[in-house]
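Engineer: Structure for this input, please:
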Amino acid sequence: MYSSCSLLKRLVFVRFLAVVAIQLVFIRNVSSLNLTNEYLHHKCLVSEGKYKPGSDYEDVLDDHIRTLSTSTFRSGSMHMTSGRKPNAATIIYQCRGDSYGSKCRSCYSAGIAGVMRCPRNKGGIVWFDQCFVQITSIPSIDLDIWKIYYENNFAIYNPKKVSGDRKLFYKETMALLGELTLKANSKDNMDDGKMALYAAGEKRVGTKKLYATVQCMRDLVTPKMCKECLETIIKKYVKCCDGKQGGRVLGTSCDFRYELYPFLRNSDSPTI
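Structural biologist: This next block holds a predicted model:
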């Protein structure tokens, strides 16, 4: 027989799985599009503490998850709080610029399922190829909208090394990322009536073609903040990715990526 404590734990786990199952209904098979949406990284925000099984916070969070699952995901991002202190639950997500709409819903669903990596934590972030999802107990109104968040940034890179002239590759990569940063923050770069804060492009480097993207969280208050964020993380290239065929720095305010192969749905990125 199970003790009352172990039985309660099993019931809580089953309840969480039920919420996750609702999300997984929406997940599409991205492999059929010759794309990946692999898990990249997660971080449990342990400073926010944990919630108890059956608590008001759990009820608010579960309802919030279910409500957002019916969203159109048209803008590719969301920053929304449900409930009131001390049981407010905030969900933040940002999908890659080529993964809005139903594709964004799929990644959001995978992200919510990924919260299981931080069981009963009030705060956690998970990153996939095509999005990141963050859950926090801090209401949107209490988050500093004038702050660029760098503390959760991390870098990953392609283990293959660049062949040929590494200095030229570095120069051309920096040039492409710099041009895309300007494009992402251009007033002409609009999406659904709002500045896209996203840009993708490609550039020929010798006999090869380099592909890259830059993107900022669309809730950043000004394009100036987006530009500052991107310029700051691109400086990390030397430490994380110099001499590598591909690399990226990701976070919750902005990110960049470059590769020697196309990795976006839209293969018609402008050649720079």
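Engineer: In the stretch 151-272 of the chain, what residue spans correspond to helices?
Structural biologist: 166-184, 223-234, 237-240 (DSSP state H, counting those that start in this stretch).
Engineer: How many residues are close by residue 124?
Structural biologist: Look at residue 124: counted by other CB atoms under 10 Å, it has 23 neighbours. Backbone N, C-alpha and C define where each C-beta goes, glycine included.
Engineer: repeat for residue 195
Structural biologist: 19.
Engineer: try residue 105
Structural biologist: 23.
Engineer: got the CA positions of the helix or strand where it lies in PDB?
Structural biologist: Assigned by DSSP states H and E, residue 105 belongs to helix 102-114. The C-alpha coordinates for helix 102-114 follow below in PDB (Å, rounded to 0.1, in the frame of the first residue of the first chain):
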ATOM      1  CA  SER A 102       0.900  27.100 -35.200                       C
ATOM      2  CA  LYS A 103       4.700  26.400 -35.300                       C
ATOM      3  CA  CYS A 104       5.100  28.700 -32.300                       C
ATOM      4  CA  ARG A 105       2.200  26.800 -30.500                       C
ATOM      5  CA  SER A 106       4.100  23.600 -31.000                       C
ATOM      6  CA  CYS A 107       7.300  25.000 -29.500                       C
ATOM      7  CA  TYR A 108       5.400  26.600 -26.600                       C
ATOM      8  CA  SER A 109       3.800  23.200 -25.900                       C
ATOM      9  CA  ALA A 110       7.200  21.600 -25.900                       C
ATOM     10  CA  GLY A 111       8.500  24.300 -23.500                       C
ATOM     11  CA  ILE A 112       5.600  23.800 -21.000                       C
ATOM     12  CA  ALA A 113       6.400  20.100 -21.100                       C
ATOM     13  CA  GLY A 114      10.000  21.000 -20.500                       C
END
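Engineer: Can you give me the domain boundaries for the protein?
Structural biologist: What automatic domain parsing lists as the domains of the chain is 4-142, 154-259.
Engineer: and of the ones you listed, who's closest to residue 148?
Structural biologist: domain 154-259 (4.8 Å; CB to CB).
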